[in-house]
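Visitor: Dropping a prediction and its sequence here:
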Amino acid sequence: MIIKQWHIYSANLNPGYGTEAGKTRPVLVIQSNILNNLSTSTIVIPITSKILKMVADPIRLNIKIENTGLIKPSALLIDQMRAIDNSRFKEYIGKIDEIQIPNIKQFILEILDWE
């Protein structure tokens, strides 16, 4: 499977410990394609279908699912980004809309306090 930045795949995140996102779930690849072509691990953000009703949640970012391959309203678990071994990827789901990428990048910068 060719792993690409800003694409969505299902991945087995088990075992999850404590508050870590576990189970097989969609993930968004945020690692650059240069590293994706060289590395046996990939930096991802887990995706959840459990949408919180909070207006401003600093660790979750609701995403538009149209044309992504996701079937339920979804949010990125920004605080759960991590590297996973490429053997955890199961299948390709789709691609995030390019219009959403700047907002995702901004959330990543904020959670890392790099803005």
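Guide: That came through, no problem. Residues are numbered from 1 along each chain as shown.
Visitor: Quick check: T48 vs N36, distance?
Guide: Applying C-beta to C-beta, to the nearest Å, the value for T48 to N36 is 23 Å. Where you see a C-beta, it was placed from the backbone N, CA and C, and this is true even at glycine.
Visitor: Ok, Y17 next?
Guide: 26 Å.
Visitor: For these two, indicate the residue with more neighbours.
Guide: Shown here are Y17 and N36; by other C-beta atoms under 10 Å, N36 has more neighbours (18 against 6).
Visitor: any weak-confidence spans in this protein?
Guide: In the predicted model of the chain, residues 18-20, 53-57, 115 satisfy pLDDT under 70.
Visitor: quick check: longest helix of it.
Guide: Longest helix of the chain, by residue count under DSSP state H: helix 101-111.
Visitor: Show me what it is packed up against.
Guide: Judged by 3 or more C-beta pairs under 8 Å, 6 or more residues apart in numbering; DSSP states H and E, the packing partners of helix 101-111 are strand 60-63.
Visitor: which residues in the chain form helices?
Guide: For the chain, the helices defined by DSSP H cover 33-38, 101-111.
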